[in-house]
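> Could you look at this predicted model? Sequence included:
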Amino acid sequence: MKNLRAGLAVIAAALLTAACGGGGADTTPKASITSVEVFGDSLADVGAFGYKFTVQGANSKIYPERIAAAYGIGSLCPFVVTADGGRSFTPNPTAGCTDFAVGGGRINIPAAPTSPYSIPTQLATAASVRGSYKASDLLVIDGGGNDAADLVGAYLKAQSDGGASFLALVETLVPPTTVGSTLAGAASVSEGLATLGGMYMTALADTFYASIKTNALDKGATNVVILNMPGITNTPRFQMVLGAIGQAAGGGTAGATASAQAAGLFDAWFKAFNAELATQVKGNASVVLTDFYASFNDEVAKPAQYGLQNVTTPACPATGVGSDGLPTYDFPTCTDAALSAQTPPAGATGGADWWKSYAFSDGFHPTPYGHQLLFQRIALDLARSGRL
């Protein structure tokens, strides 16, 4: 791991030198990239809502912006914008914007499959605008985290709705006859639902790749970075969910067992998605698959090795409680200046910069430093593929 970390540091230093026009060794990117096109969810949204889903600040760069900077490309801007909190979107009046990602983006949105929230629609829109891609275009695509959250949420409602929400979601991608036969052949309803969750995630990965193939690879794209699905149960939000599962099971040993079983089930679903996605892209020289799942898990398991002092508590202050009983946050008011001005939390180090080594901004999204770590992982993959 020390060698990996050292390698990431070397790449990051080289990229920063190139961006600043430093001399010395040749740090010119190996690939002549002149455009970075971005697709996905809140992790990749540079401002469709007027803010980024992280700590706000002039230096709060999210990972796609860091990728663009590595190729000497200026600031990215959102292709669509919203003035009403995401209820409607309009084209950005600024010309030349290439970030199609939208906070809340999903691979599968049965109720609004043609909205900008749909990642396949984002890809199709870009393909329509561009017509075809060139060797100088780099596409960066993430997705699946919100879909995973939807599936987990629907599964947890099974106790109150008998699994209706879960099955309705699953049947948007898995044929109803297959759903029926799977439930009929299972030893229990819970076993059947668990199996269907994995089937849904496999189908979701197929849907994701099919949209990438149709709207990017088949349109001439030869430089496509795809992030696999992170283990969202490592986020503060879902750690609270797992804690609630444990409490509902009576706490103590029984609660810990119930929580661990739920975490294991959900993780198996994430792995099903990632395994299918890896199978789909295997052998395709045009694709760089970044293992976001593994790198994120490693950061949470070994924070000190990544310069992280806290991987459990959000840096931004909670502003309320949602209908689900979980904390809510307000990104526009969570600024770097505000965090640096407050008294650091008990046990935090770094003085006014305490928050700069936290992993999470809110319960679900990374801090700018978390984005830097993700960028470094992608940069390493791009370098290994000969593109950086």
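Great, that's in hand.
> Now that residue 373 has come up, it's in contact with residue 305, right?
No - using C-beta atoms under 8 Å, residue 373 and residue 305 do not qualify as a contacting pair, with a distance of 10.9 Å. C-beta: built from backbone N, CA, C; applies to glycine.
> more crowded one of these two?
Neighbours were counted for residue 373 and for residue 305 using other C-beta atoms under 10 Å; residue 373 has more, 22 against 13.
> got a list of what the more buried one touches?
By C-beta atoms under 8 Å, 6 or more residues apart in numbering, the residues touching residue 373 are 295, 299, 306, 366.
> swap the cut-off to 6 Å and go again
Applying C-beta atoms under 6 Å, 6 or more residues apart in numbering, we find residue 373 in contact with residue 306.
> Figure out the helix or strand that it lives in.
Residue 373 is part of helix 368-384 when elements are defined by DSSP states H and E.
> Without its sequence neighbours, what residue ends up closest to residue 360?
Closest residue in space to residue 360, ignoring its immediate chain neighbours: residue 314 at 4.8 Å, by C-beta to C-beta, 6 or more residues apart in numbering.
> what's the answer for residue 145, then?
In space, residue 145 is closest to residue 232, 5.5 Å off (C-beta to C-beta, 6+ apart).
> if I pick that neighbour, what's in contact with it?
145, 148, 238.
> out of the residues you listed, who's nearest residue 386?
Residue 386 lies nearest to residue 145 out of the contacts of residue 232, by C-beta to C-beta, at 28.7 Å.
> tell me which residues of the helix or strand harbouring residue 193 are tucked away?
Element membership for residue 193, per DSSP H and E: helix 189-215. Buried residues in helix 189-215, counted by 16 or more other C-beta atoms under 10 Å: 192-194, 196-209, 211-213, 215.
> With residue 247 as the reference, measure out to the residue nearest to residue 235 when sequence neighbours are not counted.
Excluding its sequence neighbours, the residue lying closest to residue 235 (C-beta to C-beta, 6+ apart) is residue 364, at 5.1 Å. Applying C-beta to C-beta, to the nearest Å, the value for residue 364 to residue 247 is 21 Å.
> Counting neighbours, go ahead and name the busier of the two.
residue 364 (20 against 13).
> now what about stretch 130-141, what contacts it?
By C-beta under 6 Å, 6+ apart, stretch 130-141 touches 32-40, 64, 216, 219-226.
> out of these, which are inside strands?
Applying DSSP state E to the contacts of stretch 130-141, the entries found in strands are 35, 36, 37, 38, 39, 224, 225, 226.
> wait, which of the residues you listed is closest to residue 70?
The nearest member of those to residue 70, counting by C-beta to C-beta, is residue 36 at 9.3 Å.
> For that closest one, give me the pLDDT.
Per-residue confidence (pLDDT) for residue 36: 98.
> Report the contact partners of it.
Counted by C-beta under 6 Å, 6+ apart, residue 36 has contacts 68, 73, 138.
> pLDDT of stretch 147-159, averaged?
Taken as a whole, stretch 147-159 carries a mean pLDDT of 96.
> Could you pull out the buried residues of that stretch?
Of the residues in stretch 147-159, 147, 148, 149, 150, 151, 152, 154, 155, 156, 158 count as buried by neighbour count, 16+ other C-beta under 10 Å.
> Count the neighbours of the nearest residue to residue 353 once chain neighbours are set aside for me.
Leaving out its chain neighbours, the residue that sits closest to residue 353 by C-beta to C-beta, 6+ apart is residue 340, at 6.8 Å. For residue 340, the tally of surrounding residues (other C-beta under 10 Å) stands at 17.
> any idea of the mean pLDDT in whichever helix or strand residue 340 is part of?
Residue 340 is part of helix 336-341, with elements assigned from DSSP H and E. With pLDDT averaged residue by residue, helix 336-341 scores 98.
> next one: stretch 280-290
Across stretch 280-290, pLDDT averages out at 98.
> any idea how far that stretch is from the chain center?
18 Å (C-alpha atoms, centre = their mean, to the nearest Å).
> how near is residue 54 to residue 163?
In terms of C-beta to C-beta, residue 54 sits 35 Å off from residue 163.
> More neighbours: those two, which one.
Of the pair residue 54 and residue 163, residue 54 is the one with more neighbours under other C-beta under 10 Å, namely 26 against 20.
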